[in-house]
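Asks: One predicted model, sequence on top.
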There are 2 protein chains.
Amino acid sequence: MAKIKDVAAAAGVSASTVSRVLCNGPVSDKVRKRVEAAMTRLDYRPNLAARRLRSQHTDTIGLIVSDIRNPFFTAVSRAVEDEAYRNGMRVILCNTDENPDKEAMYLRLMQEERVTGVIFAPTRQLVTSIDQQALGFPVVMIDRVSADAATDAVVLDNRRAAAQLVGHLLQQGYRDIGGLFGNTSNTGMERHAGFSEALQQAGLAAPARFVAPSVEAAEQAVLQWLAEPARPQALLVSNGVLLLGAVRAIKSAGLHWPQDVALVGFDNEVWTDLLGDGLTVMEQPVNEIGRTAMAMLLERLEEPERSQRIVVLQGKLMVRGSSLPQ
Amino acid sequence: MAKIKDVAAAAGVSASTVSRVLCNGPVSDKVRKRVEAAMTRLDYRPNLAARRLRSQHTDTIGLIVSDIRNPFFTAVSRAVEDEAYRNGMRVILCNTDENPDKEAMYLRLMQEERVTGVIFAPTRQLVTSIDQQALGFPVVMIDRVSADAATDAVVLDNRRAAAQLVGHLLQQGYRDIGGLFGNTSNTGMERHAGFSEALQQAGLAAPARFVAPSVEAAEQAVLQWLAEPARPQALLVSNGVLLLGAVRAIKSAGLHWPQDVALVGFDNEVWTDLLGDGLTVMEQPVNEIGRTAMAMLLERLEEPERSQRIVVLQGKLMVRGSSLPQ
DNA sequence: ACAAAAAGTGGTATCGATTTCAATTGCAGC
DNA sequence: GCTGCAATTGAAATCGATACCACTTTTTGT
């Protein structure tokens, strides 16, 4: 494969000049044309490894999520990548499966890649222990933050969103409301807090259960819960993955919403409006989350010293049949 | 950030020796320990750009798909990435939106990255014009192939799968069967071929329509089709994205399956068994496709001269309520 | 005990680009 | 025609690692 020297020779100029053509440096039009002709003739492709080594910038960002198959992350990823490529950057995707060891491993890898920055949806273990200084690149957290994290972040107003869902259920006449939450992320904790607060304010109990963030775990938990004598009239489920599990459980128990049990959840996935009269959900602005995360990363690179910034976005309540008045 | 020389100095050895520790070369245990200690002390991270430049292998593969939000590609991607990281390789993900210009652009980028290989779901335009020799790296195509493509590939037996779906509908008593296919991929064409053949063999007409591979396009097409006087009794839909559009159309037309129109499709997405009595679909072995693609890429790298290989996998018919006997 | 082979280590060149600095060219102004 | 300045261009150093070769030390076989 042709290298810069070959192009230089073919165009009768020095390698420096070819490099200038590549990087839009000062080159006369005549020479530029000649060099560009030589490049196409030789089918030249600059070696990015060499460029990165010398120029010390990689134009690469890392995107670390728990599982790209979670539609929330799928959508966010797509938005991040669009924005990245629009800014001439590449994206390395990492799936951690909510495993702190994998998270650490990938962060290490990101250091070796000398990435420009990282967008990261961390587990609870990692969320507070991120040290950008030590890492050597800025981090923007998405979806999950804690008050004492020291990085920029883009998150949903989880407490408020959960409280809104509870408020909606209360308004519809439900009083006996249970909550199902993921046990690995801070997000689950925050949504639980909003859930509890809202119910306590109404003077009601706030029975909650926590499960591993998988469809199967949710299905099993809900199946069991619904079989208990003190089963709730309504169920709030903390994210799209768990929601799918809850739906499966309700179906396989032969129950129906809202009459047997009302159901509301997070994440407006494509199938939520197709089931019966639809599932009431809190939609997250997934595109905006991705775009904003990328934008914040770029801003941080521009201005490394500016103060930490957390962008809190609001969800959108989509009322559908699963929470009809009792 | 510490570099190899710093580690060498700290450990009192040469840079070569540190490099050997890094690459598991021949080093005495005593020295290895000392070097490793120095590495942790300095928090050393090898610079991958430098390593790649010098060693001439990047351990990076490209994964080029139309849209990661298509659950088929989501699942395949996850399998590819698992397999890649298991083999010490990184993955660069690219979304082309079925746009041949973007495809060409990303292939160019892959050359600049000097990737080890690429896994690629091409549009019809690109599928035959791929020249691995010129590209400089091996390509494994997934999901979409043509007979005259010159690369390794992993695909579903699309003709047979489509024919099986048709056979199933025929068996259930349907005679008036329409087909909806994507118009950008070879896959759509092959499934159409299987669909047509099966119906012709039964001496029946095979009305087919082709649309852009988006939910909206499918919804509109189906809505229109169902409004026509000669509307089919059953509909076969060529992939999960289009299937979602078809479902939306049928719902918004106020119709029901199977009584108003039977519905079968491809891709066993998470929601397909939740709608009414479920949607009859042809499940693709998504994990196997991803794993196999990665395995074939590795094999090709081992043995560059072996003959072209196309692995054809079989789908699995999941019979559900949407195709109940008429 | 000695030769031969193997293991361990260091020095230097090199991967392919960019950066820096110095040299050259071209042109305006006088 | 000469000076000064800006615009181009080239030569050489450099980014941080690995590869290759040469050398020393240790091990092995007879």
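Replies: Good, I have the coordinates.
Asks: Okay, and the residue in the stretch 151-300 of chain A positioned nearest to DNA strand D sits in which element?
Replies: DNA strand D sits closest to residue A:300 of the stretch 151-300 of chain A, with a gap of 21.9 Å, by CB to the nearest atom of the strand. For every residue, glycine as well, the C-beta is placed using N, CA and C. Element membership for residue A:300, per DSSP states H and E: helix A:286-302.
Asks: Can you work out which other helices and strands pack against that helix?
Replies: On a contact count with 3 or more CB pairs under 8 Å, 6 or more residues apart in numbering or on different chains; DSSP states H and E, helix A:286-302 meets helix A:71-86, strand A:117-120, strand A:139-142, strand A:152-156, strand A:310-313.
Asks: so which of the ones you listed gets nearest DNA strand D?
Replies: strand A:117-120 (18.3 Å).
Asks: What's the mean pLDDT across that closest one?
Replies: The average pLDDT within strand A:117-120 is 97.
Asks: And the next helix or strand past that strand?
Replies: Counting by DSSP H and E, the element after strand A:117-120 in chain order, helix or strand, is helix A:124-127.
Asks: Check for me that residue A:30 belongs to a helix.
Replies: Yes. The assignment for residue A:30 is a helix, going by DSSP: H, G, I helix; E, B strand; the rest coil.
Asks: where does it land on pLDDT?
Replies: We note a pLDDT of 90 for residue A:30 in this prediction.
Asks: Give me the neighbour count for residue A:254.
Replies: 7 (other CB atoms under 10 Å in any protein chain shown).
Asks: which of the residues in stretch A:16-31 are buried?
Replies: For stretch A:16-31, burial by neighbour count (16 or more other CB atoms under 10 Å in any protein chain shown) applies to A:17-22, A:27, A:31.
Asks: Pick the one among those closest to residue B:266.
Replies: Residue B:266 has its nearest neighbour among these in residue A:22, at 44.5 Å by CB to CB.
Asks: what residues are up against residue A:215?
Replies: Contact analysis of residue A:215 by CB atoms under 8 Å, 6 or more residues apart in numbering or on different chains lists A:241-242, A:244-245, A:248, B:270.
Asks: Also residue A:239?
Replies: Going by CB under 8 Å, 6+ apart, residue A:239 touches A:70, A:72, A:182, A:187-188, A:213, A:265-267.
Asks: ditto for residue A:59
Replies: Residue A:59 sits in contact with A:52, A:88-90, A:116, where contact means CB under 8 Å, 6+ apart.
Asks: what's the angle between the helix holding residue A:300 and helix A:71-86?
Replies: Angle of helix A:286-302 versus helix A:71-86, following axes from the mean of the first three to the mean of the last three CA atoms, to 10 degrees, is 50 degrees.
Asks: how distant is helix A:286-302 from the center of its chain?
Replies: In terms of CA atoms, centre = their mean, to the nearest Å, the centre of helix A:286-302 is set 12 Å apart from its chain centre.
Asks: Pretty sure the residue of the stretch 151-300 of chain A closest to DNA strand D sits against residue A:140.
Replies: Yes. With contact defined as CB atoms under 8 Å, residue A:300 counts as touching residue A:140 (7.2 Å).
Asks: what do those two both touch?
Replies: What both residue A:300 and residue A:140 touch, as defined by CB under 8 Å, 6+ apart, is the set A:117, A:152.
Asks: Which one of these two is surrounded by more residues?
Replies: Remark: of residue A:300 and residue A:140, residue A:140 carries more neighbours, 26 against 21, as counted by other CB under 10 Å.
Asks: Per-residue confidence at the more buried one, what does it come out as?
Replies: 97.
Asks: Out of the contacts of residue A:239, list just those in helices.
Replies: Among those, the residues falling in helices (DSSP state H) are A:72, A:187-188.
Asks: out of those, who's near DNA strand D?
Replies: Among the ones in helices among the contacts of residue A:239, not one lies near DNA strand D by CB under 7 Å from any atom of the strand.
Asks: circling back to that earlier point, tabulate the helices and strands packed on helix A:286-302 in JSON lines, adding columns for distance to DNA strand C.
Replies: Shown next, in JSON lines, are the helices and strands packed on helix A:286-302 (distance: least, CB to the nearest atom of the strand, whole Å):
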{"stretch": "helix A:71-86", "distance to DNA strand C": "19"}
{"stretch": "strand A:117-120", "distance to DNA strand C": "18"}
{"stretch": "strand A:139-142", "distance to DNA strand C": "25"}
{"stretch": "strand A:152-156", "distance to DNA strand C": "26"}
{"stretch": "strand A:310-313", "distance to DNA strand C": "32"}
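Asks: ok, back up a step: output the buried residues of stretch A:16-31 as JSON lines; include the columns secondary structure and distance to residue A:106.
Replies: Formatted as JSON lines, the buried residues of stretch A:16-31 follow (DSSP: H, G, I helix; E, B strand; the rest coil; distance: CB to CB, whole Å):
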{"residue": "A:17", "secondary structure": "helix", "distance to residue A:106": "40"}
{"residue": "A:18", "secondary structure": "helix", "distance to residue A:106": "36"}
{"residue": "A:19", "secondary structure": "helix", "distance to residue A:106": "33"}
{"residue": "A:20", "secondary structure": "helix", "distance to residue A:106": "37"}
{"residue": "A:21", "secondary structure": "helix", "distance to residue A:106": "36"}
{"residue": "A:22", "secondary structure": "helix", "distance to residue A:106": "31"}
{"residue": "A:27", "secondary structure": "coil", "distance to residue A:106": "40"}
{"residue": "A:31", "secondary structure": "helix", "distance to residue A:106": "44"}
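Asks: who's residue A:208 bridged to?
Replies: In this entry, residue A:208 is beta-bridged to residue A:179, by DSSP bridges.
Asks: In this structure it contacts residue A:182, no?
Replies: No. Residue A:208 lies out of contact with residue A:182 (CB under 8 Å); the separation is 11.5 Å.
Asks: These two: who's more crowded?
Replies: residue A:182 (25 against 18).
Asks: Quick check: pLDDT value at that one.
Replies: The model reports residue A:182 with a pLDDT of 96.
Asks: my guess is it contacts residue A:242, does it?
Replies: Yes. Using CB under 8 Å, residue A:182 is in contact with residue A:242, at 6.3 Å.
Asks: Do me a favour and average the pLDDT over the helix or strand hosting residue A:64.
Replies: Assigned by DSSP H and E, residue A:64 falls within strand A:60-65. Throughout strand A:60-65, pLDDT has a mean value of 96.
Asks: quick one: buried residues of that strand?
Replies: Result for strand A:60-65 [16+ other CB under 10 Å]: buried residues A:60-65.
Asks: Please apply the same query to stretch A:208-222.
Replies: A:208-211, A:213-215, A:217-222.
Asks: Residue numbers of the stretch 51-200 of chain A in contact with DNA strand C?
Replies: Residues of the stretch 51-200 of chain A lying close to DNA strand C (CB under 7 Å from any atom of the strand) are A:51, A:53-55.
Asks: Cool, thanks, signing off.
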